[in-house]
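J.: Sequence plus the predicted model coming up.
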Amino acid sequence: MSKVRIPPVLRAQAEGNKQVEIDGSTVGDVVHGLVQRFPGLGDQLLGTDGSLNRFVNVYLNDQDIRYLQELGTPVAAADTVVILPAMAGGA
C-alpha cells in the first residue's frame, strides 16, 4: 500500500487523517481509492469525468505527476503520494 499525505485543508473530509495507506498500482488507482474511502474528497480532487481537478497538484515521491505519466504513473508499496490543492488569495 502506498502512503498518501493529506494536507490540513482536506483533513476534515478525510476524518482528520494526516496520512493514510491506499492500495493501487497507479497514482490514479490511489487517488480514486482515497475518494472511495473518503467520498467528501471527490468534489475537491476529481472532475465530473473522473480526471484530476486542474487545481490539484499530486506528487509521487516529490515528483510532480504532470511530468511523469500523470494518473497513469505506476506506484509501489514504498511510495508516498502527496496531494496539494492549489491555494489562491491574498491582499
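T.: Thanks, I have the structure now. These numbers were taken from a predicted model, which means no experiment stands behind them. Numbering: from 1, shown residues only.
J.: show me what contacts Asp29?
T.: Counting by Cβ atoms under 8 Å, 6 or more residues apart in numbering, Asp29 makes contact with Asp23, Val75. (Each C-beta comes from the backbone N, C-alpha and C, glycine too.)
J.: Just to be sure, it is in a helix?
T.: Yes - under DSSP: H, G, I helix; E, B strand; the rest coil, Asp29 falls within a helix.
J.: Which pLDDT value goes with it?
T.: Per-residue confidence (pLDDT) for Asp29: 97.
J.: quick one: it from Met87, how far?
T.: From Asp29 across to Met87, the span is 26 Å (Cβ to Cβ, to the nearest Å).
J.: repeat for Asp79
T.: 25 Å.
J.: Repeat that for Gln19.
T.: 20 Å.
J.: Look at the two and report which has more neighbours.
T.: More neighbours surround Gln19 than the other of Gln19 and Met87, with 12 against 9 (other Cβ atoms under 10 Å).
J.: Show me which residues of stretch 79-88 are buried.
T.: For stretch 79-88, a neighbour-count test (16 or more other Cβ atoms under 10 Å) marks Asp79, Val81, Val82, Ile83, Leu84 as buried.
J.: Please enumerate residues in contact with that stretch?
T.: 2-7, 9-10, 22, 27, 30-31, 34, 44-45, 53, 55-62, 75.
J.: In helices, which of those residues fall?
T.: Val27, Val30, Val31, Leu34, Gln44, Leu45 (DSSP state H).
J.: Figure out the length between the terminal residues of stretch 32-43.
T.: 12 Å (Cα to Cα, to the nearest Å).
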